[in-house]
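K.L.:
Here is the input, now give the coordinates:
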Amino acid sequence: MYKLIAVAALVASASWGTADLAVAAGTPAPAGAHAYIGYPNDGQVVPANKPFRVWFGLRYMGVAPKGVKFPNTGHHHLLIDTDLPPPDQEIPSDRNHLHFGAGETETMLQLPPGKHTLQLLMGDYMHVPHDPPVYSKKITVIAR
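P.N.:
As a prediction, this is how the structure comes out:
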């Protein structure tokens, strides 16, 4: 099981009881917007069962908390060991889809030993991916 150290993210994740709501297209994304993981790097070894920092990057777009409807903004979701969710539905909130609805741009993460994937996905004010979706490259880290 994964342990998230950022308390604000846990509180934000717990506040969503509405999963699997189908919606129309997401909020428009600004041209050229993209997310990236600034740290750790792809292929990097991280400590198993110990917290390590994950830093979120974003270009050509701003960060705003959940519920704030402001043009060209959204908030981060960290996907762990999973693929991108459907682009026309609310992003799930579970141990594989961590929400950062307070506008966080980094967190402390703890993973069990083994190979893991990390990917960022931006969500709009209602936790729906933008149109087109704004996401990072999927990276692999090895917890050892």
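
K.L.:
Go through stretch 96-106 and flag the buried ones.
P.N.:
Across stretch 96-106, burial judged by 16 or more other C-beta atoms under 10 Å covers His97, Leu98, His99, Phe100, Gly101, Gly103, Glu104. Placement of C-beta: from N, CA and C, glycine included.

K.L.:
How about stretch 115-124?
P.N.:
Residues His116, Leu118, Gln119, Leu120, Leu121, Met122, Gly123, Asp124 are the ones in stretch 115-124 that count as buried (16+ other C-beta under 10 Å).

K.L.:
Looking at the residues you listed, which one is closest to Asp131?
P.N.:
Distances from Asp131 to the buried residues of stretch 115-124, taken as C-beta to C-beta, are shortest for Asp124 (9.0 Å).

K.L.:
Thought Met61 was touching the closest one, still the case?
P.N.:
No - shown here, Asp124 and Met61 do not form a contact pair, counting by C-beta atoms under 8 Å, at 10.8 Å.

K.L.:
for the longest strand anywhere in the chain, packing partners?
P.N.:
Looking across the chain with DSSP state E, the single longest strand is strand 114-123. Contact partners of strand 114-123 among helices and strands, from 3 or more C-beta pairs under 8 Å, 6 or more residues apart in numbering; DSSP states H and E: strand 34-39, strand 52-59, strand 73-80, strand 139-143.

K.L.:
what angle separates that strand from strand 139-143?
P.N.:
Relative orientation of strand 114-123 versus strand 139-143 (axes from the mean of the first three to the mean of the last three C-alpha atoms, to 10 degrees): 140 degrees.

K.L.:
give me every residue that touches the residue nearest the centre of the chain.
P.N.:
Residue closest to the average C-alpha location in the chain (C-alpha atoms, centre = their mean): His77, at 1.7 Å. Residues in contact with His77 (C-beta atoms under 8 Å, 6 or more residues apart in numbering) are Ile91, His97, Leu98, His99, Phe100, Leu120, Leu121, Met122, Gly123, His127.
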